[in-house]
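**Student:** sequence first, then the predicted structure:
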Amino acid sequence: MKLDAHLVVRRERFTLDVALTVEAGEVVALVGPNGAGKTTALRALAGLTGLDAGEVRLGGELLDGPGRWVPPERRPVGVVFQDYLLFPHLTALENVAFGLRCGGASRRSSRTAAAALLDRVGVGHLAGVKPRRLSGGQAQRVALARALAVEPSLLLLDEPLAALDAQTRPAIRSELRRHLAEFTGCALLVSHDPLDAMVLADRLVVVEDGAVVQSGTPAEVARRPRTPYVARLVGLNLLRGVADGHDVRIGAGTIVTADAASGEVFVAFRPAAVAVYRTRPDGSPRNVWPATVAGVEPYGDAYRVQVEGAIPVTADVSAAAVAELELADGHQVWVAVKAAEVEVYPA
Amino acid sequence: MSRRRAGAPAVLLVPALIGLAFLVLPLLGLVIRAPWRRLGPLLTDPAVLTALRLSLITATLATALCVLVGVPLAWLLAQPGLPGRSVLRALVTVPLVLPPVVGGVALLLVLGRRGLIGAWLDDVFGVTLPFTPAAVVLAEAFVALPFLVLSVEGALRAADRRYEEAAATLGAGRWTVFRRVTLPLVAPGVLAGAVLAWARALGEFGATITFAGSFPGRTQTMPIAVYLALETNPEAAVALSLLLLAVSVVTLACLRDRWVARV
């Protein structure tokens, strides 16, 4: 069982053109900014949106493609929708039994199976409760049970944790991770939250403006982002330049790296690796250049400082440093980055 | 400056109160002038009971007919991307603004003995519709149907169609989706539409008397009985009117949540 898809969906001002493969037992996360086409891709896989070109193959069977379109009700696909879409007039149990009934199971056997599924996701005691009386986390579990009930070959999850509050989210996330690990089919989830995607997925596929810009394991993507969006997502400074040995020319400036490289490269480093000074620092850092403060914002228990200059970067500094350096928009500062903190990789 | 911002200027308030009085006073008059003492005997008169029974039965059958064809029609109108929707909706709305008498004449021309379809019905099945209780039901359904269709269509448009998509991904075909998801979701709208249609059918006069006539026990419904009684027995007419008013008030109470409280 393997999902092999090339999705092309044309809209008025936007074209989605994405190739996707998901192996059996693999969890792939489609990440990207809002409007990148993630949900459109998911809908196309479910059969809720038709393809304009390309194809969807699941386990070798053509579901959508030239001359063939299998409607959603006949695809072996289960979907967990963003706001769950549990049928409001049915109880949790009836929601989960719905798909089984549609599949031809008897009323009794589908209720038994649904009850077992609710137990498995830990909400067996809520079988008789209507969705409006379920909390976000409970509704999410029921939605997962409902999608799993039809034993899909492909499980699609659209922002499965987005509707949860910050307190319940971590617990539900780790629970979902466990259920996805047990799931033997292909799983594809859509998320704009990097943490969700990295915790849940074996592989990330980053989509921007309808196209794949990067894919790889969460660790690869986090360490070596290839677009500003991904860099922001994982909290890295990302610059593009031309390398010649240990020097990388970036616009009007140069950054020295510990590793040698050549040609077009990306340079990435953490905002915490950037030091900010009032005057030119003495001593070791070789990457030092003057800059202008363009923004100071609280970020966790520190401050995130945007600086402009020969090389625009983001720095994380402590609240004490902000006060001591009197950092404010328009102030002149010096910026330093240790060569050892800089990751360099081919573009 | 902002003192009594909520107070309405007299130029609006006075006509508003006149309008309100215009609506309420006649009903008040009906209640005041009603022969309360003799209400019992007047309303239990066999002729009255016959008309009342006929009215209730025909209005209920007409409502059933409306639900049977009106819900699918509303579903069709609410389909996204339906070509010519505005024309279709205008056609559905026509009986709402058409004088009921014209509706009766039109029904007579189509379903009458020599009508377009009526002649065929007569030839093939030996069925004659005009001036029968069935004609009463058809006349009432004709004027009541738009109320049901528009009410259900509104409910369908307000319903979240994504539930239907969710049902489809769970393996539900289109009919199952309609039966198990769409219909339960719009059930309050169907119910409100049915109550409204029933009230309209119960009060139907013009189309009924034109298409079905006024045969006591067969086609003489309450409104027609009221009209005829006004000539011969005004007290009975007032009593019957009071009864119909009571039915209207009860109907309104049933629809309270959907049509009155919700602005």
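**Tutor:** Thanks, I have the structure now. Residues are numbered from 1 along each chain as shown, chains lettered A, B, ... in the order given.
**Student:** and the strand or helix carrying A:Ala145, anywhere near chain B?
**Tutor:** Using DSSP states H and E, A:Ala145 sits in helix A:136-149. Yes: with CB under 8 Å from any CB of the partner chain as the threshold, helix A:136-149 lies in contact with chain B, specifically through A:146-147, A:149. In this view, the C-beta of every residue, glycine as well, is placed from N, C-alpha and C.
**Student:** report the angle between the next helix or strand after that helix and helix A:136-149.
**Tutor:** Past helix A:136-149, heading to the C-terminal end, the next element that is a helix or strand (DSSP H and E) is strand A:154-158. Our comparison of strand A:154-158 with helix A:136-149, counting by axes from the mean of the first three to the mean of the last three CA atoms, to 10 degrees, yields an angle of 160 degrees.
**Student:** pLDDT of strand A:154-158, averaged?
**Tutor:** Strand A:154-158 shows an average pLDDT of 96 in the prediction.
**Student:** mind checking the longest strand of chain A?
**Tutor:** strand A:253-269 (DSSP state E).
**Student:** out of the residues of helix A:136-149 next to chain B, who's nearest chain B?
**Tutor:** Closest approach to chain B among the residues of helix A:136-149 next to chain B (CB to the nearest CB): A:Arg146, at 7.0 Å.
**Student:** look up phi and psi at A:Val8.
**Tutor:** Phi and psi for A:Val8, reported as degrees, to the nearest 10, are phi -130, psi 110.
**Student:** A:Tyr303 should be in a strand, yeah?
**Tutor:** Yes: residue assignment for A:Tyr303, taken from DSSP: H, G, I helix; E, B strand; the rest coil, places it within a strand.
**Student:** for it, give me its contacts.
**Tutor:** Under the criterion of CB atoms under 8 Å, 6 or more residues apart in numbering or on different chains, the contact list for A:Tyr303 reads A:296-297, A:316-319, A:321-322, A:327.
**Student:** and with 10 Å instead?
**Tutor:** By CB atoms under 10 Å, 6 or more residues apart in numbering or on different chains, the contact set of A:Tyr303 is A:276, A:295-297, A:315-323, A:327.
**Student:** next one: A:Arg57
**Tutor:** A:2-6, A:21, A:63-65.
**Student:** pretty sure it is in a strand, no?
**Tutor:** Yes: following the definition three-state DSSP, A:Arg57 is counted among the residues of a strand.
**Student:** give me the low-pLDDT residue ranges for chain B?
**Tutor:** For chain B, residues meeting the criterion pLDDT under 70 lie at B:1-6, B:257-263.
**Student:** how much space separates B:Val149 from chain A?
**Tutor:** Distance of B:Val149 to chain A, given as CB to the nearest CB, to the nearest Å: 22 Å.
**Student:** wait, that residue sits on B:Val71?
**Tutor:** Yes: taking CB atoms under 10 Å as the definition, B:Val149 is a contact partner of B:Val71 at 8.3 Å.
**Student:** give me the common contacts of those two.
**Tutor:** Taking CB under 10 Å, 6+ apart as the criterion, B:Val149 and B:Val71 both touch B:Gly193.
**Student:** what about those two, which has more around it?
**Tutor:** Taking neighbours as other CB atoms under 10 Å in any protein chain shown, B:Val149 and B:Val71 compare with B:Val149 leading, 28 against 23.
**Student:** contacts only, for that one.
**Tutor:** B:66, B:69-78, B:89, B:92-93, B:95-96, B:193, B:197.
**Student:** list the buried ones in the host helix or strand of it?
**Tutor:** When secondary structure is defined using DSSP H and E, the element that contains B:Val149 is helix B:133-158. Taking 16 or more other CB atoms under 10 Å in any protein chain shown as the basis for neighbour counts, the residues of helix B:133-158 that come out buried are B:133-156.
**Student:** same question for stretch A:23-37.
**Tutor:** Buried-residue list, stretch A:23-37, by 16+ other CB under 10 Å: A:26-32, A:36-37.
**Student:** quickly list the domain ranges of chain A.
**Tutor:** Domain assignment for chain A by automatic domain parsing gives A:2-233, A:238-346.
**Student:** the ones you listed: lowest mean pLDDT?
**Tutor:** Lowest mean pLDDT within the domains of chain A: domain A:238-346, a mean of 87.
**Student:** hey, where'd the helices end up in chain A?
**Tutor:** A:38-46, A:92-102, A:107-120, A:136-149, A:169-182, A:194-200, A:218-223, A:228-234, A:319-325 (DSSP state H).
**Student:** what about the residue in chain A sticking out farthest from the centre, distance to A:Val342?
**Tutor:** With distances taken as CA atoms, centre = their mean, the residue sitting farthest from the centre of chain A turns out to be A:Asp282, at 41.2 Å. A:Asp282 sits at a distance of 21 Å from A:Val342 (criterion: CB to CB, to the nearest Å).
**Student:** how about the contacts of A:Tyr303, which pair is most distant?
**Tutor:** Across these, no pair lies farther apart than A:Gly295 and A:Ala320, at 19.0 Å, counting by CB to CB.
**Student:** out of the two, which sits in the busier spot?
**Tutor:** Neighbours per residue, other CB under 10 Å: of A:Gly295 and A:Ala320, the larger number sits with A:Gly295, 14 against 10.
**Student:** can you pull the contacts of that one?
**Tutor:** Shown here is A:Gly295, whose contacts under the criterion CB under 10 Å, 6+ apart are A:303-308, A:314, A:327-329.
**Student:** then A:His246?
**Tutor:** Applying CB under 10 Å, 6+ apart, one finds that A:His246 lies in contact with A:254-261, A:286, A:339, A:342, A:344.
**Student:** how many other residues sit next to residue 129?
**Tutor:** Let's take chain A. 15.
**Student:** please go with chain B instead
**Tutor:** Taking other CB under 10 Å as the criterion, the count of residues near B:Leu129 is 23.
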